[in-house]
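In: Next come a sequence and a model predicted from it.
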Amino acid sequence: MTARPTRPARATDIAPIIIASDNSFAHAYGSVAEMLSEKDIGAKSQGALEFFDLAGRRLAPVLSQAWELEGLLPTLDDPEPELVQARLQAVIQHVRDYIRRNPDVLADSGMSVRGALDALPEIGAGTLAEDAAKFPGGGTDSDTMLRTDGNWLHNAMHAAGWAH
C-alpha cells in the first residue's frame, strides 16, 4: 500500500479511465469535471463501472448524500498500470468479437470487417496514458479513431458495450 494522499484530489487533478466491470466498454476523460458533465453516465452502463487514473491507480467514487456521483478520489492501492492495460486490451478484444458477430455495425462506415479489425488499436505497447488516449474521450489528437463521436469504431464500441 502507498501513503494516504495529503489532500483530496481536485477534479482537474485526475483524468479518469472508466472500464465496465465485464470489460465490455471503456471511456477516458480529460477530467473528473468532464466525466461528471455527462449526467446520464450511470444510465448508459450495462452494469458496474470501475474507475482508474492514468497511473493505473484505482479511484473510489465520492457520492453525495443523495447517492449521486460527485467525484473520484485515489484509493490507497498501489498503481497497477499493467492490469489496467490488460483490461483495456480485453475491451478491444470484446469489440473485435462483436464486430465479427455483428458485421452490420459497420454498414454506415463503408469499412470492411477485415479493415475494421485491422484498424483496432494495439494496447500494451506503450504507457497506460498512451493507451487511454486511444479510447473515446482520451487524448487530444483528432486522428485517434476511437475518440470521435460518429466515428465507426466509436459507434462499434458503444454498440458492443454501452448504449446511448
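Out: Sure, I can see it.
In: Next, give phi and psi for Pro61.
Out: phi -70, psi 140 (degrees, to the nearest 10).
In: any idea how far it is from Ala107?
Out: From Pro61 across to Ala107, the span is 37 Å (Cβ to Cβ, to the nearest Å). For every residue, glycine as well, the C-beta is placed using N, CA and C.
In: same deal with Phe52?
Out: Using Cβ to Cβ, Phe52 is found at 33 Å from Ala107.
In: the more surrounded of those two?
Out: The residue with more neighbours, out of Phe52 and Ala107, is Phe52; 30 against 9, by other Cβ atoms under 10 Å.
In: would you say Glu50 is within a strand?
Out: Yes. The assignment for Glu50 by DSSP: H, G, I helix; E, B strand; the rest coil puts it in a strand.
In: so it bridges to which residues?
Out: On the basis of DSSP bridges, Glu50 is bridged to Ile19.
In: wait, isn't it in contact with Asn23?
Out: No. Contact between Glu50 and Asn23 fails when scored by Cβ atoms under 8 Å: they sit 9.7 Å apart.
In: Could you list the low-confidence segments of this protein?
Out: 1-12, 39-46, 138-164 (pLDDT under 70).
In: can you do 50?
Out: 5-12, 140-148, 163-164 (pLDDT under 50).
In: what about the strands in it?
Out: Ranges of strands within the chain are 17-20, 26-28, 49-52, 58-63, 69-74, based on DSSP state E.
In: what's the most buried one of those?
Out: Counting by mean count of other Cβ atoms under 10 Å, strand 26-28 has the highest mean neighbour count of those, with a mean of 29.
In: Pull up the pairing partners for that strand, direction included.
Out: The strands beside strand 26-28 in its sheet (DSSP bridges) come out as strand 17-20 (antiparallel).
In: Can you report how many residues lie near Phe135?
Out: Neighbour count for Phe135, taken as other Cβ under 10 Å: 27.
In: Kind regards, and thank you for your time.
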